[in-house]
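[1] give the three-dimensional model of this entry:
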Amino acid sequence: MPHSVPAASARMTFALLWRGVQANVFFGEDGITSGASSDLQRATETAKRMICAYGMSECVTPSVQPGRWMEFPVVWEQVTQLLTRQGERADALVKQSQSVIERVANALLERNSLDKAALERLIAKEE
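    Alright, predicted model coming up:
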C-alpha cells in the first residue's frame, strides 16, 4: 500500500490522541499513565519509517537503516520534530473536542455502552 505524508501524519496524530485526552481532559500532566506508552511507540515507529524508509524528509535519504536511526543526529531531530508537531495537533484536537469527550465519557460511565444513535446525539448536542 502506498504511503503519503498526510496519511502517515494522521496515523501519528491518532496514536498520540490518548495521551492528549489523559493530559488535557481527565488527569492533567501529572496524571499521564503508562497506558499511552504503546501509542507513543507506534507514533515513533511511524515517524522513523517516514524518515528512514520512505524518504519523507528533505534532509534524510531513505538509505538510513531503521535500526541505526539514532546514530544520525539529523534523523533523531527529524523524528522528534514530527512527533512534536503531531503531538501538538493531537492536543489541539482534544482541547477542541473536550466537551464532547467529557459527554461521551460520562455517558459511558452511566450506561456502560452506547449505540450509534446515542453517540451521534452526544456528539451533535449543543454546548
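
[2] for Arg89, what are its contacts?
    Ser9, Thr13 (CB atoms under 8 Å, 6 or more residues apart in numbering). Where you see a C-beta, it was placed from the backbone N, CA and C, and this is true even at glycine.

[3] ok, so what distance separates it from Val79?
    Applying CB to CB, to the nearest Å, the value for Arg89 to Val79 is 16 Å.

[4] which residues touch Glu77?
    Applying CB under 8 Å, 6+ apart to Glu77 gives no contacts.

[5] need the three-state assignment for it.
    helix (DSSP: H, G, I helix; E, B strand; the rest coil).

[6] pLDDT at it, what is it?
    Glu77 carries a pLDDT value of 87.

[7] host element of Ser113?
    Using DSSP states H and E, Ser113 sits in no helix or strand.

[8] burial check on it, number of neighbours?
    Ser113 sits with 8 neighbouring residues when counted by other CB atoms under 10 Å.

[9] Ala107 now?
    16.

[10] name the helices or strands packed onto whichever strand or helix holds it?
    Following DSSP H and E, one finds Ala107 within helix 98-111. On a contact count with 3 or more CB pairs under 8 Å, 6 or more residues apart in numbering; DSSP states H and E, helix 98-111 meets helix 116-124.

[11] give me the mean pLDDT for the helix it packs on.
    91.

[12] who's in contact with that helix?
    Val100, Arg103, Val104, Ala107, Arg111, Leu114.

[13] flag the shaky bits of this structure, pLDDT-wise.
    For the chain, residues meeting the criterion pLDDT under 70 lie at 1-2, 20, 22-33, 35-36, 59-70, 126-127.

[14] skip the chain neighbours and tell me the closest residue to the spatially most central residue of it.
    What sits nearest the mean C-alpha location of the chain, by CA atoms, centre = their mean, is Leu16, with 2.2 Å. Closest residue to Leu16 apart from its sequence neighbours, by CB to CB, 6 or more residues apart in numbering: Ala90 at 4.0 Å.
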